[in-house]
Each structure stands twice: as structure tokens, then as C-alpha cells.
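Undergrad: coordinates only, sequence not included:
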């Protein structure tokens, strides 16, 4: 099947709520806190700071939700890439408790924000499912579920048959059903956050790429092609789209492309047989796909995208083929949208909250768990610039080892992962 020409935000761009009215920065402007990046992190930080009565202005090179905030699969998954025991080991005695509490609270906090502000983003909170393949996969979900239960949060293991009844596919040897999780319309969520920021008195300048950050006696100047922001403090919230604006910051994360495809609205009887509970699903496979059903019965699936070249050049043929294999009823459906985004991975799978200079902070590296964790990072950044305690330790600039070889590393990881996934497939019961 010929791939569709990707558009910027795919299905989400065609179905999102209207964006609030914004304009480029065309003059010099004074603010207390400048925020670079109008995605989940930057907008959540702005909302938190406005609640504290602080003057904020947000810049973005594109529109609200221009980056992966408006392009991801809309899956609201619990926790981080790291398991709970790994978080404890990573942060140690001094920081583990607060980091764990943050990881456990990201989904409930997101739910409270959406419901409390009345954000129109098709949010449903119906839990999260992870499908397991082979002995390794089953061991992983059993261990993972036990850790969540140990921390007082429901997570249960379902048999292959129960998983098939839940999801409508025979692809898994068992599944974990986690009480936390759900899905939403990501671009609508970003636009709704922007709407509330503006209603609360914050300013958002779109089409305004920050080109330099300079220091002055009073604070900082953030220069764009049309003007500059003079601010006392600066937040950088650009995640997988981080460029050379701040020297060395792009090396804090490894950008990885993810390609997505969506069907036309499915007939009712097909949709009822595929993901009848509209759960968000990911997998224990090393090279996994993730998928869900939208409110209007469209099947959306995503997976690893282009390793070399722009993310938008990635093919969706592989994820579509997997969709048809998992769900034979999709064999003859129309695929209407292809698109891609760039997520930010970290070497150690931990998100990064960094102080780049006195008054300049950055937060990024959500490792594919960005809807809930990126939102939570906005709150952490707001606390940091206000000199309030944070749940994550604040570090200096993080640098990824061997960052210059990242493309080769991604290529090798994908090749190795596919081989090992095939071996896991051979251990299925």
C-alpha cells in the first residue's frame, strides 16, 4: 500500500478543538518568566506560575502543540520508562521517595487538571494495558504489576484468553491491566491548556523561534526574529525538539522518531470487536507498537519511525501490517492519516530537571511517557523557578554519553531488538 503523504499533526490536526488566538512576537516585551516551548510542559508551567500571580510569556517556533505534544498517540500511561524499583535504585535514599510519589501521581494529577479546568480533549480514564509476549514478557509484567500493588495501586495480570476478550487480539500470552491510565486527544489537550493560560492572563507568542538567550543585569533577553522578551528567569521546555539555543542542551536527550497511522472511522461492529473498552495498549517487545481507539472509532497505531532523516519521512507500512496481523478485521479498512513526531529518550531512562544557569531551567526526557510526565514536569519547572522544593532533584546540564553516535546507536538498538523479539516469539506458550 502506498504511504500517505504525512502532514504535520495528522489525524489530530484535522479533528482538534480550535486553537486560541495567538500571534508572533513583533516587538520587545517585558515579562517576569519567559517560557520557550508551547507544549504540555511549557503550558503547564505557565498555568502554575499564573496561579502564583507571576507574569509569564510563552514562545514557540510554531503553533501551540507544534512538537510531539500535538503529534503523539494520546496515550496516558502511568509511571515512567523506569519501573518503580528502578526509580528507587536510581535516586537513592535522599531523593527516591519524592521521585516515586511523582511517578505514581502523574496520571491522577493529569486527570485532576483536565477535569478541574474542564479541558475539552476527549479524555477517558479507563486504565492502561501492556501486552506480554513470551517468557520474558510475562516475567516483566508480573514483576511490574507486583511493584505497583506493593505501592498500593491496582494492577492485575490477565491470561491470554482474558487479554483476548479485553483487547480483541490473540497477540499476547498475557496482559497487565493497570488501574491508572487512559487516552485523550493530544492536540486538543495542548490547545485547551493554551486557552486557559491566556484566560488567566498569560501570553503566548506563536511563530516565534527563540534564536538567542543573552544575560543582562536585570535577567535575560530571549531574542526572536520579530522582537525580544526581557525576563528575570527562563524555562526551556522543548524536549525532543531541542536545538542549539542553549549550548550543550540538545545533548541532554536522544531524539527518536515515532510514526503513526490512523484509519477512517470503523463500522460499529468492527470497532466493538477491536479494543471494545478503548484501552491504550503498549507491549513488552523491545521494538513495540502502541495503539488505541478514538472517540469516533478510528484505530490509531504507532511505532518506531525514521532513524536517519526527518521524522516525517518515516514509513507507516510496518505498523499498518502489524495492525492487520493483530486485528484481521482491519485488512480492508481505509487508512486516512499518516504523521510523525520526535520523542526524547535519555541514557538512563530518567527525566531531567536541570539548572543551566542561575535563573535558567530546563525539563525534558520523558522516554515515551510524555502525556502525563511532560505535564508533571511543567509543575516541577514552575517550582524550580519559584525556588520551591521539587520532587525531582535539580542537576546541572546533563550530557548523553556518545551523543554524536546516537543515530548509529538507535540503528543498532533497533536491529538487536528485532532479533531478540523474534527469539521471544519462539518462547510463547
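TA: Cool, the structure landed. What you see is a predicted model; the values in this text were computed from it and never measured.
Undergrad: low-confidence ranges, this protein, go.
TA: For the chain, residues meeting the criterion pLDDT under 70 lie at 1-7, 305-309, 311, 402, 405-411, 414-415, 417-419, 421, 426-429.
Undergrad: and the residue of it most remote from its centre, which of the three is it?
TA: The C-alpha centroid of the chain is most remote from residue 217, which lies 36.4 Å away (Cα atoms, centre = their mean). Secondary structure for residue 217, judged by DSSP: H, G, I helix; E, B strand; the rest coil, is coil.
Undergrad: check the gap between it and residue 34 for me.
TA: 16 Å (Cβ to Cβ, to the nearest Å). (C-beta placed from N, C-alpha, C; glycine too.)
Undergrad: from memory residue 368 sits against residue 81, does it?
TA: Yes. The pair residue 368 and residue 81 passes the contact test of Cβ atoms under 8 Å, sitting 6.4 Å apart.
Undergrad: with neighbour numbers in mind, choose between these two.
TA: Higher neighbour count among residue 368 and residue 81: residue 368, with 23 against 18, using other Cβ atoms under 10 Å.
Undergrad: do I have it right that residue 209 meets residue 223?
TA: No. Using Cβ under 8 Å, residue 209 makes no contact with residue 223, being 9.8 Å away.
Undergrad: ok, the residue nearest the centre of the chain to residue 287 distance?
TA: Centroid-nearest residue in the chain, with Cα atoms, centre = their mean: residue 370, separated by 2.2 Å. With distances taken as Cβ to Cβ, residue 370 is found 19 Å from residue 287.
Undergrad: likewise for residue 253?
TA: With distances taken as Cβ to Cβ, residue 253 is found 20 Å from residue 287.
Undergrad: neighbour count: the two, which is higher?
TA: Counted by other Cβ under 10 Å, residue 253 and residue 287 do not tie: residue 253 has more neighbours, with 29 against 17.
Undergrad: could you find the closest non-adjacent residue to the more buried one?
TA: Closest residue in space to residue 253, ignoring its immediate chain neighbours: residue 344 at 3.8 Å, by Cβ to Cβ, 6 or more residues apart in numbering.
Undergrad: near the one you found, how many other residues are there?
TA: When neighbours are counted by other Cβ under 10 Å, residue 344 registers 25.
Undergrad: confirm it sits in a strand?
TA: Yes. Looking at residue 344 with three-state DSSP, it is inside a strand.
Undergrad: wouldn't it be in contact with residue 250 here?
TA: No. Using Cβ under 8 Å as the test, residue 344 is too far from residue 250 to be in contact (10.0 Å).
Undergrad: show me how this structure divides into domains.
TA: Following automatic domain parsing, one finds the domains of the chain at 10-72+187-253+348-401, 125-182+255-344+408-425.
Undergrad: quick one: closest of the ones you listed to residue 93.
TA: The closest of the domains of the chain to residue 93 is domain 10-72+187-253+348-401. By Cβ to Cβ, the value is 12.1 Å.
Undergrad: run the chain-centre distance for that closest one.
TA: Offset of domain 10-72+187-253+348-401 from its chain centre (Cα atoms, centre = their mean, to the nearest Å): 14 Å.
Undergrad: for the closest residue in space to residue 189 that isn't next to it in sequence, give its distance to residue 71.
TA: Spatially, and ignoring its direct neighbours in sequence, residue 189 is nearest to residue 121 (3.9 Å; Cβ to Cβ, 6+ apart). Separation of residue 121 from residue 71 (Cβ to Cβ): 15 Å.
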